[in-house]
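Trainee: no letters, just coordinates:
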């Protein structure tokens, strides 16, 4: 338990007759990126609100940054940072003033607050805009400033709730790089996002929440292997080799026009090795090979029962 940034057991939350969380368990190691996915209304934001002490759970228990969530809420708040999809930046203040204000809220001395603000402005490439009102910043700059404000207190655990919503692709990738740098420094990231490729790109582990329950958890690759439809596509030089491969493997969908054989597979290294060894034993040469596995969109759609047109 000592190396877990978050350890939760049986978290429950209801509003009247509506059950929002129904027994959620989490074990998130320090210095990792954990992503919580799910449809709108699944309970993602409620989970973040509970773990960041904004609301109380109806049941269950949790330790956040080593502190008991219920009995040591003040210690939890001192140890974490929270950045939501709606920026906490005061657009009438300059970037520097926003950071200095956050330093005051974190009870830093004036000297330490100015030093920390200068460090963060430089780190997030905002030094040249430090004296300009934050309302004049681009969306990406405002999001960087928002994250910088979260870091004033040097938290070891940061909740990022929809951090790149509305950003253009370049700004999103810039934010991804900043997240990776934080993790390299030992910070733990709890990420909720509607962008499935964002979770695929960043997260060490991903959990899928639906109707208040965790229905799947694992690495991106582990989750993708839960879904049927993966295959290996083999291309051959002529129809004789194509026919021989189909006969040898005893499975697959041949296409004589493209000289390809589509073989069902989870795309794992072991499955690929076994297939190649089988063909090598019969001296059946492959010209090209490609592996096709379901993506996180497929996982999301299949496990949550969503329709294709309703998702990003």
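Mentor: Structure received. These numbers were taken from a predicted model, which means no experiment stands behind them.
Trainee: low-scoring pLDDT stretches of the stretch 1-150 of the chain, where are they?
Mentor: Along the stretch 1-150 of the chain, segments meeting pLDDT under 70 span 1-2, 85-87.
Trainee: how about the helices of it, start to end?
Mentor: Using DSSP state H, counting those that start in this stretch, the helices found in the stretch 1-150 of the chain span residues 44-51, 73-79, 95-105, 110-123, 139-150.
Trainee: dump these into TSV; add distance to residue 199 and mean neighbour count as well.
Mentor: C-beta here means a position set from N, CA and C on the backbone, and glycine is covered the same way. Shown next, in TSV, are the helices of the stretch 1-150 of the chain (distance: least, Cβ to Cβ, whole Å; neighbours: other Cβ atoms under 10 Å):
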stretch	distance to residue 199	mean neighbour count
helix 44-51	12	22
helix 73-79	24	16
helix 95-105	28	20
helix 110-123	25	16
helix 139-150	18	22
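Trainee: closest to residue 206 out of these?
Mentor: helix 44-51 (12.2 Å; Cβ to Cβ).
Trainee: for the protein, what's the longest helix?
Mentor: Secondary structure of the chain per DSSP state H: the longest helix is helix 169-184.
Trainee: okay, buried residues for that one please.
Mentor: Residues 171-172, 174-175, 178-179, 182-183 are the ones in helix 169-184 that count as buried (16 or more other Cβ atoms under 10 Å).
Trainee: got the angle for that helix vs helix 110-123?
Mentor: On the basis of axes from the mean of the first three to the mean of the last three Cα atoms, to 10 degrees, helix 169-184 is oriented at 130 degrees to helix 110-123.
Trainee: same for helix 169-184, what does it pack against?
Mentor: Packing contacts for helix 169-184, counted by 3 or more Cβ pairs under 8 Å, 6 or more residues apart in numbering; DSSP states H and E, involve helix 139-150, strand 188-192, helix 196-202.
Trainee: closest one to residue 209 among those?
Mentor: strand 188-192 (9.1 Å).
Trainee: paired strands for the closest one, with orientation please.
Mentor: Looking at strand 188-192 with DSSP bridges, its partner strands are strand 33-37 (parallel), strand 157-161 (parallel).
Trainee: residues of it that come out buried?
Mentor: Those buried within strand 188-192 under the rule 16+ other Cβ under 10 Å are 188-192.
Trainee: off-centre distance for that strand?
Mentor: Strand 188-192 sits 7 Å away from the centroid of its parent chain (Cα atoms, centre = their mean, to the nearest Å).
Trainee: quick one, domains of the chain?
Mentor: 4-224, 231-292 (automatic domain parsing).
Trainee: and those domains as TSV, adding distance to residue 301?
Mentor: Formatted as TSV, the domains of the chain follow (distance: least, Cβ to Cβ, whole Å):
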stretch	distance to residue 301
domain 4-224	10
domain 231-292	17
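Trainee: where does pLDDT dip in the stretch 201-312 of the chain?
Mentor: Those would be 306-312, if you go by pLDDT under 70 across the stretch 201-312 of the chain.
Trainee: where along it do the strands fall?
Mentor: Listed in chain order, the strands of the stretch 201-312 of the chain (DSSP state E, counting those that start in this stretch) span 205-210, 213-218, 231-235, 253-255, 260-264, 288-292.
Trainee: dump those strands to CSV, plus mean neighbour count and distance to residue 141.
Mentor: Formatted as CSV, the strands of the stretch 201-312 of the chain follow (neighbours: other Cβ atoms under 10 Å; distance: least, Cβ to Cβ, whole Å):
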stretch, mean neighbour count, distance to residue 141
strand 205-210, 22, 29
strand 213-218, 16, 35
strand 231-235, 20, 44
strand 253-255, 14, 50
strand 260-264, 19, 47
strand 288-292, 13, 39
